[in-house]
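Participant: Quick check, what structure comes out for this input:
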Amino acid sequence: MAQDKFIGEMEHMVLLAVLRLNEQAYGSQIRQCLADTVDRDLSIGALYTTLERLEQKGLLKSRLGEATAERGGRAKKYFAITAEGQQALHRSKQALDRLWQGLALRQGASVTVPQNGMEFPA
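Facilitator: Numbering: from 1, shown residues only. Next comes the predicted model:
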């Protein structure tokens, strides 16, 4: 991934969920992690589209687990973040931190810019 490219919001969240789940990162677990931690109810189709895109970009890698009878003989596809994926997360976090620097988000859902006192509704 080029240094000047940034990951999208959903890609960011999926990468973090995979990182959080570690060796248990497969489709339904990733989906549940997003639902539990960020209240994001993502369809399994949208999730797998994002996972495939991240894998194509080299930010994730996958492996197949053992096939099980309870899954009708199908294997789970496990995902892991790559070094490039970790770098992409780091760059994205740094960029967002720089954008937030100097801004204050109030409880009433408005953003105040301290330098000029301007207030923007969120």
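
Participant: who's in contact with stretch 85-101?
Facilitator: Contacts to stretch 85-101, defined as C-beta atoms under 8 Å, 6 or more residues apart in numbering, come from residues 1, 3, 6-7, 12, 15-16, 19, 54, 58-60, 81. C-beta: built from backbone N, CA, C; applies to glycine.

Participant: from these, which is closest to residue 36?
Facilitator: Residue 36 has its nearest neighbour among those in residue 16, at 12.6 Å by C-beta to C-beta.

Participant: how about the nearest residue to the closest one, chain neighbours excluded?
Facilitator: residue 89 (6.9 Å; C-beta to C-beta, 6 or more residues apart in numbering).

Participant: Point out the ones among the contacts of stretch 85-101 that are inside strands.
Facilitator: By the criterion of DSSP state E, membership of the contacts of stretch 85-101 in strands covers 60, 81.

Participant: Name the spans of this structure whose pLDDT lies under the cut-off.
Facilitator: 1-4, 105-122 (pLDDT under 70).

Participant: Rebuild the contacts of stretch 85-101 as JSON lines, extending it with distance to residue 42 and neighbour count.
Facilitator: Below are the contacts of stretch 85-101 laid out as JSON lines (distance: C-beta to C-beta, whole Å; neighbours: other C-beta atoms under 10 Å):
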{"residue": "1", "distance to residue 42": "22", "neighbour count": "14"}
{"residue": "3", "distance to residue 42": "28", "neighbour count": "7"}
{"residue": "6", "distance to residue 42": "20", "neighbour count": "14"}
{"residue": "7", "distance to residue 42": "16", "neighbour count": "20"}
{"residue": "12", "distance to residue 42": "13", "neighbour count": "16"}
{"residue": "15", "distance to residue 42": "14", "neighbour count": "24"}
{"residue": "16", "distance to residue 42": "13", "neighbour count": "18"}
{"residue": "19", "distance to residue 42": "17", "neighbour count": "14"}
{"residue": "54", "distance to residue 42": "14", "neighbour count": "24"}
{"residue": "58", "distance to residue 42": "22", "neighbour count": "13"}
{"residue": "59", "distance to residue 42": "17", "neighbour count": "23"}
{"residue": "60", "distance to residue 42": "16", "neighbour count": "23"}
{"residue": "81", "distance to residue 42": "18", "neighbour count": "22"}
